[in-house]
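Engineer: with the input below, show me the fold.
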Amino acid sequence: MRRTALVVACLMCAVLVRSPGVAATQGRLTLHRPTQVSQTVYRLSGRVSQPHRSVVLQSRVDGHWVKTARLRAVKRVYRTEVAASTHAQKYRTVAGRLRSKVRTVPALPAPLAPADACGAPLIDADGTRRGCTFADDFNGSQLDRTKWVPQTNFITGDGNATYACYHDDPDNVSVSDGALHLSVRKEPEPLPCGHGDLAPSRFTGGGVSTYHLFSQQYGRFEARFKNTATTSPGLQEAFWLWPDDRENILVTWPEAGEIDVIETYSQYYLLGIPFLHYTPNDNGGPIPGLNTEWNCGAQRGVWNTYALEWTPLLLRITVNGETCLLNTSANVAFQRKYILALTQGLGTSTNGYVNSTPMPATMSVDYVRVWEWGSSLL
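Structural biologist: Model (predicted):
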């Protein structure tokens with residue numbers, strides 16, 4: 001008798017091993033976890049341990065269990081498929097007095113908002129999508145002059161020593177390989193300057209702006225660029241904004257305003273430096289934490305992303321997503337439309353040109369994008 005009992009017990013063990021996850025106890029109703037069969041469809045299956053011919057599938061609606069379907073059990077197994085929704089759905093099965101465990105079909109992933117001219121949509125924390133107002137990915141073979149004006153009437157560098165004159169020339173301003181290239185060069189012979197009565201110079205620079213083509217008050221202004229890798233002084237690059245001269249401005253610089261989102265100096269080859277100009281005496285000079293900052297990491301020779309978030313109450317400048325400078329002055333200078341500018345030129349003072357300054361030197365701009373401002377930033 002004891003040997004027979006052991007054999008029976010072992011046979012029951014074998015049945016359990018061959019049927020994992022199936023309820024073997026009489027009087028149970030099993031509903032397995034949902035199995036995804038497509039992006040929007042899930043399969044529900046289960047087993048009834050008593051010879052019921054069907055079970056009722058119920059879903060949870062507004063706090064109540066509601067009959068969804070009657071499912072036929074074939075050899076005590078039942079199956080069905082349900083469509084996923086924008087919210088998670090709870091299901092159970094019922095057969096007589098038997099109730100299965102509750103199973104949850106997950107919600108569909110939130111649909112991706114369509115891209116626009118600025119690429120992936122910019123969505124604020126409150127869910128508001130910001131409109132793209134200006135974008136250039138420089139994917140063509142020449143400068144888009146419906147968006148940009150090459151600079152020709154300023155100089156860069158030390159005006160009484162070594163300076164470069166901006167030129168509208170393919171050697172200084174060009175587009176290729178998905179980027180805008182602005183170059184400062186040493187020419188074989190001096191070339192005339194388009195600025196004032198300055199003598200011709202052997203150095204030429206490259207710069208563009210949106211002068212009388214695009215300007216905006218408030219928003220997000222973003223550019224990604226790479227400069228020339230060097231530790232020698234002599235080079236200066238900038239992504240900056242200045243007031244649209246059609247704004248009826250009654251004061252002069254610096255009180256009129258200027259937003260240097262970032263300036264990079266080859267003398268400080270590990271930094272990007274923002275600078276805000278907005279008071280009659282320019283705040284008495286640079287004041288870290290107020291109108292500038294001197295600890296924003298931006299290594300030369302690699303791609304870095306610089307952005308300005310500008311609202312009526314603040315200006316936040318970021319480098320590669322990290323806050324670099326926050327100004328909450330709400331000064332009147334920052335309550336008007338500004339244009340965009342990108343420049344590659346020579347440095348000044350202790351960052352002035354030296355014999356070891358690499359020539360030519362190029363600032364390559366991957367993209368420039370501008371969005372509307374978001375009220376959730378206030």
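Engineer: which one is Gly234 nearest to, not counting chain neighbours?
Structural biologist: Among residues not flanking Gly234 along the chain, Thr357 sits closest, at 2.9 Å (C-beta to C-beta, 6 or more residues apart in numbering). C-beta here means a position set from N, CA and C on the backbone, and glycine is covered the same way.
Engineer: could you report the neighbour count for that neighbour?
Structural biologist: Counted with other C-beta atoms under 10 Å, the burial measure for Thr357 works out to 21 neighbours.
Engineer: quick check: it vs Tyr166, distance?
Structural biologist: With distances defined as C-beta to C-beta, to the nearest Å, the gap from Thr357 to Tyr166 amounts to 18 Å.
Engineer: over to Tyr306?
Structural biologist: The spacing between Tyr306 and Tyr166, counted by C-beta to C-beta, is 21 Å.
Engineer: ok, Gly234 next?
Structural biologist: With the distance defined as C-beta to C-beta, Gly234 ends up 17 Å from Tyr166.
Engineer: looking at Tyr306 and Tyr166, which is more packed in?
Structural biologist: Tyr166 (27 against 22).
Engineer: tell me which residues in stretch 264-280 are buried?
Structural biologist: Applying a neighbour-count criterion of 16 or more other C-beta atoms under 10 Å, one finds 264-269, 271-278 buried in stretch 264-280.
Engineer: got it, and stretch 316-323?
Structural biologist: Buried residues in stretch 316-323, defined by neighbour count with 16+ other C-beta under 10 Å: Arg316, Ile317, Thr318, Val319.
Engineer: neighbouring contacts of that stretch?
Structural biologist: Judged by C-beta atoms under 8 Å, 6 or more residues apart in numbering, the contacts made with stretch 316-323 from elsewhere in the structure are 261-262, 272, 274, 293, 296-298, 304-310, 324-327, 377.
Engineer: for stretch 234-242, same thing?
Structural biologist: Judged by C-beta under 8 Å, 6+ apart, the contacts made with stretch 234-242 from elsewhere in the structure are 156, 182, 184, 221, 223, 225, 227-228, 257-266, 306, 308, 338-348, 351-354, 356-358, 361, 363.
Engineer: one more time with 6 Å
Structural biologist: For stretch 234-242, the external contacting residues (C-beta atoms under 6 Å, 6 or more residues apart in numbering) are 223, 227, 258-266, 306, 338, 340-345, 347, 353-354, 357, 361, 363.
Engineer: taking those, please make a PyMOL selection of just the buried ones.
Structural biologist: A single PyMOL command suffices to select whichever of these are buried according to 16+ other C-beta under 10 Å:
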select buried, resi 223+227+258+259+260+261+262+263+264+265+266+306+338+340+341+342+343+344+345+347+353+357+361+363
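Engineer: select the longest strand from the chain.
Structural biologist: When secondary structure is assigned using DSSP state E, the longest strand within the chain turns out to be strand 179-191.
Engineer: other SSEs contacting it?
Structural biologist: Applying 3 or more C-beta pairs under 6 Å, 6 or more residues apart in numbering; DSSP states H and E, one finds that strand 179-191 contacts strand 201-209, strand 338-346, strand 361-371.
Engineer: contact partners for Ala69?
Structural biologist: Contacts for Ala69 (C-beta under 6 Å, 6+ apart) come out as Leu57.
Engineer: let's go with 8 Å and repeat that
Structural biologist: Here Ala69 is in contact with Val56, Leu57, Thr80 (criterion: C-beta under 8 Å, 6+ apart).
Engineer: any chance of the residues you listed in a markdown table, plus neighbour count and distance to Asp126?
Structural biologist: Written out in a markdown table, the entries for the contacts of Ala69 read as follows (neighbours: other C-beta atoms under 10 Å; distance: C-beta to C-beta, whole Å):
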| residue | neighbour count | distance to Asp126 |
| --- | --- | --- |
| Val56 | 15 | 42 |
| Leu57 | 21 | 38 |
| Thr80 | 18 | 39 |
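Engineer: any chance of these in JSON lines, plus distance to Asp136?
Structural biologist: As requested, the contacts of Ala69 are exported to JSON lines (distance: C-beta to C-beta, whole Å):
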{"residue": "Val56", "distance to Asp136": "61"}
{"residue": "Leu57", "distance to Asp136": "55"}
{"residue": "Thr80", "distance to Asp136": "53"}
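Engineer: and the helices in this protein?
Structural biologist: Ranges of helices within the chain are 2-18, based on DSSP state H.
Engineer: low-confidence regions, it specifically.
Structural biologist: Where the chain drops to pLDDT under 70, the residues are 1-26, 111-112, 196, 375-378.
Engineer: domains for it, by residue range?
Structural biologist: Per the record's domain assignment (automatic domain parsing), the chain is made up of the domains 22-105, 122-377.
Engineer: and the first one, how far out from the chain's middle?
Structural biologist: Relative to its parent chain, domain 22-105 has a centroid offset of 43 Å by C-alpha atoms, centre = their mean, to the nearest Å.
Engineer: cool, and stretch 267-277?
Structural biologist: 22 Å.
Engineer: and that stretch, end to end?
Structural biologist: Start to finish, the residues bounding stretch 267-277 are 22 Å apart (C-alpha to C-alpha, to the nearest Å).
Engineer: other residues contacting that stretch?
Structural biologist: Applying C-beta under 8 Å, 6+ apart, the external contacts of stretch 267-277 come out as 229-231, 233, 253-254, 257-265, 286, 291-300, 304, 306, 315, 317, 319, 324-325, 327, 333, 347, 350-351.
Engineer: again, but for stretch 160-177
Structural biologist: Applying C-beta under 8 Å, 6+ apart, the external contacts of stretch 160-177 come out as 138, 140-144, 150-157, 180-185, 191-195, 198, 200-201, 203-208, 343, 345-346, 352-353, 360.
Engineer: would you map the strands across the stretch 1-150 of the chain?
Structural biologist: Applying DSSP state E, counting those that start in this stretch to the stretch 1-150 of the chain gives strands spanning 29-31, 35-36, 41-48, 54-61, 64-72, 77-83, 89-95, 98-99, 103-105, 122-123, 129-130, 132-136, 149-150.
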